[in-house]
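Visitor: pasting the sequence and the predicted model now:
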Amino acid sequence: MSNNTSIIPYYVEKDLPFAVNAQLVELPEEAQREFLIEYRRKAKNVVLAYVLQFLLNVVSPHYIYLDKFITQLIYWFTLGGFGFWFFIDIFRMPDLVKNRNKEIADECLRYVMHRYKGQTKTPKMQGNYMPNMPQPRQLGTPQYDPMRPSVESLQMSYLVDYNFKTWQAVGETQYDWANGSSEREFKLASGTDVIFLTLKREGMYLNCYVGNLVNLYSIDQTIDSQINQYGNPPAQISQGDFTLYRDNSYNGLSFEKTINANPIKVIIWDYYDNTRKIRLRIEQSGKQQFKAVLSQVANEIDFSDILPMGSN
């Protein structure tokens with residue numbers, strides 16, 4: 001198996017904290033399998049938690065199930081907060097289970113890291129070369145055809161006209177997601193102006209988003225701490241005149257095409273407005289490394305005069 005990859009199933013991986021996923025991917029397969037067995041054995045289930053809550057009403061033992069013994073005692077002594085606590089837990093049970101599972105994931109990770117101390121599957125670097133380095137997927141993008149230029153054939157240094165300006169592709173990143181999908185992001189420059197173009201092929205349709213970098217802390221000063229504490233940013237974000245709602249999240253690897261760099265493990269969260277024409281993407285590539293891009297839907301026919309640099 002290639003280095004820097006995980007054998008943890010996606011349906012489990014997507015619920016794990018980013019820090020746990022980032023460390024798991026560096027462990028040997030045996031350690032990952034042991035983590036998976038331990039986590040599945042200990043992880044809590046929302047349905048069972050609800051069953052226990054309603055089993056005996058205000059004396060329901062659901063906090064014992066969640067390993068919160070002191071909280072359970074307080075719950076019992078107050079008769080479920082005189083009934084109010086019981087009803088509050090009906091709405092927050094999914095979050096209680098999710099947060100406990102994050103704690104369990106961290107405990108299981110510490111357990112396997114102790115057992116496999118000093119063992120990683122990442123070989124030592126020799127200069128800038130690492131054997132079996134993961135490579136970006138082959139996307140089958142169309143070759144440049146001067147008679148029928150397509151934005152999907154865009155490459156580094158190409159020129160493209162968009163929104164009454166000529167832009168040059170000065171950066172390219174490919175994202176390979178754990179669910180098998182991939183997309184490309186281009187950094188386009190025109191003078192001092194910079195925009196980001198994201199292309200993702202879905203069957204016969206090409207998704208295009210064009211946007212600008214935004215300061216993460218201008219959106220919400222606590223987003224980074226929420227992500228590091230809870231594993232996700234807020235469910236709803238206000239940005240200018242738009243209210244955006246968290247939709248998709250993806251784990252995967254990013255490959256920077258402009259420099260000879262190692263792939264980076266990333267997680268992204270996509271927010272959309274009610275029309276799904278405005279998208280905010282928050283990207284995390286390290287505990288404190290974040291990028292936010294506010295984009296809008298574009299049509300591939302909005303891009304014209306696509307030319308390799310130096311062509312007439």
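Guide: Yep, that arrived.

Visitor: what mean pLDDT does the stretch of helix or strand Gly80 belongs to have?
Guide: Under the criterion of DSSP states H and E, Gly80 resides in helix 79-82. Averaging pLDDT along helix 79-82 yields 76.

Visitor: could you pull out the strands for the stretch 151-300 of the chain?
Guide: Per DSSP state E, counting those that start in this stretch, the stretch 151-300 of the chain carries strands over the ranges 159-162, 165-177, 182-190, 193-202, 205-214, 236-239, 242-256, 264-272, 278-286, 289-298.

Visitor: which other helices and strands does the helix or strand just after the helix holding Gly80 contact?
Guide: Going down the chain from helix 79-82, the next helix or strand is helix 84-115, by DSSP H and E. Applying 3 or more Cβ pairs under 8 Å, 6 or more residues apart in numbering; DSSP states H and E, one finds that helix 84-115 contacts helix 18-24, helix 29-42, helix 46-55. The C-beta positions use only the backbone N, C-alpha and C, and glycine is treated the same way.

Visitor: Pro17 contacts Lys102, correct?
Guide: Yes. With contact defined as Cβ atoms under 8 Å, Pro17 counts as touching Lys102 (5.2 Å).

Visitor: of the two, who's got more company?
Guide: Pro17 (21 against 18; other Cβ atoms under 10 Å).

Visitor: tell me the contacts of the more buried one?
Guide: 102, 105-106, 231 (Cβ atoms under 8 Å, 6 or more residues apart in numbering).

Visitor: show me where pLDDT drops low in this protein?
Guide: Scanning the chain for pLDDT under 70 picks out the ranges 1-6, 56-58, 117-133, 258-261, 287, 309-312.

Visitor: spatially central residue for the protein, please.
Guide: Ile267 (2.4 Å; Cα atoms, centre = their mean).

Visitor: rewinding a little: deepest-packed of the helices and strands packed on helix 84-115, please.
Guide: Ranked by mean neighbour count, those are led by helix 18-24 with a mean of 19 (mean count of other Cβ atoms under 10 Å).

Visitor: other SSEs contacting that one?
Guide: If you count contacts as 3+ Cβ pairs under 8 Å, 6+ apart, helix 18-24 packs onto helix 29-42, helix 84-115, helix 223-230, strand 264-272.

Visitor: let's have those in JSON lines, adding distance to Ser157.
Guide: Shown next, in JSON lines, are these (distance: least, Cβ to Cβ, whole Å):
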{"stretch": "helix 29-42", "distance to Ser157": "40"}
{"stretch": "helix 84-115", "distance to Ser157": "43"}
{"stretch": "helix 223-230", "distance to Ser157": "34"}
{"stretch": "strand 264-272", "distance to Ser157": "23"}
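
Visitor: out of those, nearest to Asn251?
Guide: Nearest of those to Asn251, taken as Cβ to Cβ: strand 264-272 at 5.0 Å.

Visitor: in its sheet, what does the closest one sit against?
Guide: strand 242-256 (antiparallel), strand 278-286 (antiparallel) (DSSP bridges).

Visitor: now do the shortest one: everything it contacts.
Guide: Just to be clear, that refers to strand 278-286. 18, 198, 209, 211, 214, 216, 219, 223, 227, 233, 237, 239, 242, 244, 254, 264-272, 290-297.

Visitor: domains in the protein, by residue range?
Guide: 10-115, 151-307 (automatic domain parsing).

Visitor: and the end-to-end length of the shortest one?
Guide: Read that as domain 10-115. Terminal residues of domain 10-115 lie 24 Å apart, using Cα to Cα, to the nearest Å.

Visitor: now swap in the longest one and tell me
Guide: End-to-end span of domain 151-307 (Cα to Cα): 10 Å.

Visitor: hmm, back to that, send me the helix holding Gly80 as PDB with only the CA atoms.
Guide: Extracted C-alpha coordinates of helix 79-82, given in PDB (Å, rounded to 0.1, in the frame of the first residue of the first chain):
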ATOM      1  CA  LEU A  79     -34.600  13.800  38.700                       C
ATOM      2  CA  GLY A  80     -33.400  14.800  35.200                       C
ATOM      3  CA  GLY A  81     -33.300  18.500  36.000                       C
ATOM      4  CA  PHE A  82     -36.900  18.200  37.200                       C
END
